[in-house]
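Asks: Sharing a model that was predicted from the sequence below.
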Amino acid sequence: MRTGGLTALRFAVTLVSMFVLPAVILLAQTPAPPVDPPRLDLEPKIRVNLGEVGPREVRQQVYTVTNVSKAPLRLRILDLSPGVTLAGPALEGPLGPGQAATMTLRVDPTDFVGWQVRNVRLATDAPRQGLYYLPVAMTVRPDLTVDPDRASFGAVRPHESPERVFRFRRETGLPTRLRFATPPPPYLEAELADLPASQDGKPTEGELRLILRAGSLPPGQMAGLETLHLETGAPLQPHLRITVDWRLELPVKVDPPRLVLLSSREAAGTVRLASRDGSVLRLDRAWIEGPGFRLDPPPGPGPEVVLRVVREAGAEASALLCVQLAGEPLPLRIPLLYRPELSGAK
């Protein structure tokens with residue numbers, strides 16, 4: 001009984017498939033109903049680039065509609081993209097044969113930024129007439145900008161404090177809160193204030209002033225690339241990023257810029273100071289700040305001076321080799337490190 005019932009079921013499924021599946025395939029391959037040639041002529045016919053606009057700058061484009069057929073035709077709006085309106089005589093009544101009328105497309109970019117594409121879809125009261133489209137595009141400027149967003153302090157001497165200024169501009173003139181997401185490093189002095197509200201509707205402006213205090217740089221740090229993240233009160237630009245770079249230019253060549261001993265077998269190391277122009281180097285004083293190292297007596301003046309540092313600590317240690325050159329306002333500060341655990345050497 002079970003075998004007979006299963007056979008009957010399979011036969012029924014096969015029979016249904018013979019009639020249903022061809023019908024589905026036929027339906028899928030049925031062409032769209034034919035449409036008549038366009039009875040309306042639109043000018044312009046191509047996508048219109050409205051150019052660059054401000055964050056609240058409304059732009060408009062006028063279209064001319066001409067009925068090129070021999071019967072009246074009425075135009076209606078099916079749908080609009082966000083921020084788009086369309087109005088004008090061409091939509092207020094049927095167009096007679098050969099009659100022309102205009103309509104104006106307006107685009108409000110509020111709450112958008114960057115490259116934007118908009119469209120309007122139109123239909124007529126003729127059932128066999130196709131659809132008409134009014135494509136436009138534009139680039140919406142950011143409301144809040146910073147100029148520049150990247151700058152360089154260049155080569156900086158240890159006693160110098162160069163300054164760079166970054167200017168903010170809010171095109172809508174609204175007051176704007178500006179805050180650092182994380183504080184700048186200690187050697188970057190920052191002056192930052194909120195943007196006030198514009199009194200006349202014009203853009204409001206402000207600035208960030210950065211001062212690099214080269215004398216406060218960590219010893220041994222010879223270059224830097226700083227990225228500062230700011231939080232703002234502008235809804236479409238809640239975050240801004242500013243990047244600055246710098247490199248420290250010492251009055252002499254220092255090799256190495258930091259002395260690191262990684263093995264207990266390394267009892268001493270040397271730091272070489274060389275003149276950049278071949279002139280004689282004169283040391284007013286050389287000393288070590290911190291425990292674990294001692295300095296052999298430095299040699300006399302010359303275009304190159306080699307300082308020998310002796311390790312005294314049995315465990316890891318850190319200190320600073322300080323060198324006061326004649327005629328320089330600040331001493332050189334060269335890190336000294338003993339880190340045997342980094343290499344595992346004994």
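Replies: Ah, there it is. Everything quoted here is computed from the prediction, not taken from an experiment.
Asks: any idea how far residue 282 is from residue 309?
Replies: 20 Å (C-beta to C-beta, to the nearest Å). Any C-beta I mention is one placed from the backbone N, CA and C, and that applies to glycine too.
Asks: So for the helix or strand harbouring residue 306, mean pLDDT?
Replies: Element membership of residue 306, judged by DSSP states H and E, is strand 304-311. For strand 304-311, mean pLDDT rounds to 96.
Asks: now do stretch 103-115
Replies: 97.
Asks: Now do the end-to-end distance for that stretch.
Replies: This stretch, stretch 103-115, spans 24 Å end to end (C-alpha to C-alpha, to the nearest Å).
Asks: what's the answer for stretch 50-64, then?
Replies: End to end - C-alpha to C-alpha - stretch 50-64 spans 17 Å.
Asks: who touches that stretch?
Replies: For stretch 50-64, contacts defined as C-beta atoms under 8 Å, 6 or more residues apart in numbering pick out 42-44, 48, 88, 90, 100-110, 113, 134, 136-143, 171-172, 236.
Asks: and the residue nearest to the spatial centre of the chain, what does it touch?
Replies: The residue lying closest to the centre of the chain (C-alpha atoms, centre = their mean) is residue 241, at 6.8 Å. The contact partners of residue 241, by C-beta under 8 Å, 6+ apart, come to 149, 227, 228, 229, 230.
Asks: Make sure it is indeed in a strand.
Replies: Yes: Residue 241 forms part of a strand when assessed by DSSP: H, G, I helix; E, B strand; the rest coil.
Asks: May I see the ChimeraX selection of the buried members of the contacts of stretch 50-64?
Replies: Typed into ChimeraX, the line below selects the buried ones among the contacts of stretch 50-64, using 16 or more other C-beta atoms under 10 Å:
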select :42,48,90,101,103,105,107,109,113,134,136,138,140,142,143,171,172
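Asks: Angles on the backbone of the nearest residue to residue 295 once chain neighbours are set aside, please.
Replies: Spatially, and ignoring its direct neighbours in sequence, residue 295 is nearest to residue 288 (5.2 Å; C-beta to C-beta, 6 or more residues apart in numbering). With angles defined as degrees, to the nearest 10, residue 288 sits at phi -120, psi 130.
Asks: Next, count neighbours for residue 288.
Replies: Using other C-beta atoms under 10 Å, residue 288 has 18 other residues around it.
Asks: which of the contacts of residue 241 sit farthest apart?
Replies: 149 and 229 (11.7 Å; C-beta to C-beta).
Asks: Now do the shared contacts for the two.
Replies: Common neighbours of residue 149 and residue 229 (C-beta under 8 Å, 6+ apart) are 240, 241.
Asks: Show me what counts as buried in stretch 142-151.
Replies: Result for stretch 142-151 [16+ other C-beta under 10 Å]: buried residues 142, 143, 144, 145, 146.
Asks: Could you measure from residue 156 over to residue 250?
Replies: 10 Å.
Asks: the more surrounded of those two?
Replies: residue 156 (20 against 16).
Asks: Go ahead and confirm residue 232 touches residue 174.
Replies: No: counting by C-beta atoms under 8 Å, residue 174 is not a contact partner of residue 232; they are 11.0 Å apart.
Asks: quick one, which of those two is more surrounded?
Replies: Shown here are residue 232 and residue 174; by other C-beta under 10 Å, residue 232 has more neighbours (21 against 17).
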